[in-house]
Structures are given as structure tokens and as C-alpha cells.
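K.L.:
need the 3D shape of this:
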Amino acid sequence: MAAGIRINITPSYPIGVYQIIHEPITKGSMVIFCPPDNVVTRQALNRGYIMAGFCPGGYSTLIKKVFAIKGDKVKFTAVGIYVNENLIPNSQPKKFDSAGRSLNSIETGTQILDGQMIMFLSDYNPKSFDGRYFGFVNKTSYIVGTIKPIWVW
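P.N.:
Below you'll find the model as predicted:
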């Protein structure tokens, strides 16, 4: 990343050029972050859902939107993720990837977020690798910054 510029070549959000802007993180912010180093993320790297990079665990950064922060009630269901009783568009977990391999999503249940955890999703692409699969992210250890599109197609 030169001068805070990031090229997005993944389908989670429009392909194009984005700039890191370091604004406060609020619901609706688009954020660039390192995914958590866990078994689900390692599987995503091995299967090619995400690329290798310089994050802990050897992953590249991801771009997603913030959908839940401190005090929000997040409910995982088979039809999608609800935040404060509102269904997030395109949040239904997929059971299989495009190659027919099974996908593990977060178990059905409800949690109220504490001040350290954030929920990242893509409301743009229903096949995005996001919080449906890796869960919540600790905001103090994984976020690079907020980001905005400069030129997308």
C-alpha cells in the first residue's frame, strides 16, 4: 500500500482503487483489516477465498463494512444475520462453496457485542468471505483503517 492506496481485486466490494482515510469507525464504515487467524481463515486461504499477505497468519487484508459495534445485538440464523432485529442484506450463510465443498458458518445464536468486538460483512456480494464464517473481529488488533472508494468499476 503506497500513500494509503489499496487496489481491491476481490468481489466482496467493487473492484477498483480505495484510499485509507483513518476516520472513526462507526456502523456503516468501510474498513480494511486483517482477518482473525483461526481455522476458518486458514481454510479460506487454502481454498483460495482470500489471498496470502502480510497479516498475522499470512493473510492479505480484507475490505468489509461495519455492521455491528458495542451494544448491538447480533443474531446468527440460517436465513442470515440480524443486527438489532434487522436482517442484513446478502448475509445468508452458504452451505457450500462454488466447488461444492462444505462451508462452516457461525452457529445459530445471539450475542450482544462488548466494546472490543466488531462485526464485518459484505452487503454487496452474497458469496463474500466475512463475519458469517469467521465471526467477530477485535477492533484493537486487526483494523488497518477506514477506507473509501476513489475509482471503482
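K.L.:
from here on, just use CA atoms for contacts and neighbour counts.
P.N.:
Noted.
K.L.:
my read: S102 touches Y133, true?
P.N.:
No: using C-alpha atoms under 8 Å as the test, S102 is too far from Y133 to be in contact (11.8 Å).
K.L.:
where does this structure have low pLDDT?
P.N.:
1-2 (pLDDT under 70).
K.L.:
show me where it has strands.
P.N.:
For the chain, the strands defined by DSSP state E occupy 5-8, 16-20, 30-33, 62-68, 73-76, 81-83, 86-87, 109-112, 117-121, 137-138, 143-152.
K.L.:
what lines up beside the fifth one in the sheet?
P.N.:
Put plainly, it is strand 73-76. Strand pairing for strand 73-76, determined by DSSP bridges: strand 81-83 (antiparallel), strand 109-112 (antiparallel).
K.L.:
using CSV, write down the CA coordinates of the last one.
P.N.:
The C-alpha trace of strand 109-112 is given here as CSV (Å, rounded to 0.1, in the frame of the first residue of the first chain):
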residue,chain,number,x,y,z
GLY,A,109,-27.3,-17.9,18.3
THR,A,110,-27.4,-14.3,19.7
GLN,A,111,-24.8,-12.2,21.2
ILE,A,112,-24.6,-8.6,22.4
